[in-house]
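Undergrad: here is a sequence together with a model predicted from it:
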Amino acid sequence: MPWMRFTDQTRYALQVLTYCAERHPDLVQVSAIAADTDLTEYTIYKLLKIATKEGIIASTRGRGGGIRLARDPHRITVGSVIRMFEPRFRECAPASMMRASDDPREARTRDADMRLDSALGAGIRAVLDTYDAITLIDLMDDGARRHDAGDANENGPAA
């Protein structure tokens, strides 16, 4: 299924967002993210443009500025990030992604295409449902999770 591949941009976005989740709610510097992830600052800024527009990242300019997650990392799913950076998965509607024709000569094949699209759509939906069950917290390393769990225990459950 070559159309089920995700772009490098999505993978990089998940790296950056997980980095921010590990340090949430603190501000982090783009230069620090670049140094720790081996991504270029240019790449990170491109990702941040989309993530900020989508309301998942907040930035503070000026001295002492940086970026942080604008939402609780427990509530940001891999599926939501995929949809954010992979527009073809936003609606999970393969029929809209594949060939569509109103040509009456193709009426017989259109029925078969619709059944195929329905079957493919069910598979894509199942994959996205799996990704919707994985949060940024699940992507964090064990040390960061222990730190996060300790904070949650001291301050009550995460909101």
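TA: Sure, I can see it. Nothing here was measured: the structure is a model prediction, and the numbers come from that model.

Undergrad: leaving out chain neighbours, which residue sits closest to G66?
TA: L27 (3.5 Å; Cβ to Cβ, 6 or more residues apart in numbering). Heads up, the C-betas are built off the backbone N, CA and C, glycines and all.

Undergrad: the one you found: neighbour count?
TA: Applying other Cβ atoms under 10 Å, we find 14 residues neighbouring L27.

Undergrad: which residues does it contact?
TA: By Cβ atoms under 8 Å, 6 or more residues apart in numbering, L27 lies in contact with 60, 64-68.

Undergrad: of these, select the buried ones using a ChimeraX command.
TA: In ChimeraX, this line selects whichever of the contacts of L27 come out buried by 16 or more other Cβ atoms under 10 Å:
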select :66,67,68
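
Undergrad: what about the chain, any weak spots by pLDDT?
TA: 1-4, 90-109, 143-159 (pLDDT under 70).

Undergrad: most centrally placed residue in it?
TA: For the chain, V81 is the residue whose C-alpha lies nearest the centre (Cα atoms, centre = their mean; 1.3 Å).

Undergrad: list the buried residues for whichever helix in the chain runs longest?
TA: The single longest helix within the chain, with elements called by DSSP state H, is helix 107-132. Under the neighbour-count criterion of 16+ other Cβ under 10 Å, helix 107-132 has 110, 113, 117, 120-121, 124, 128, 131 buried.

Undergrad: next one: stretch 11-31
TA: Neighbour-count burial for stretch 11-31 [16+ other Cβ under 10 Å]: 12-24, 28, 30.
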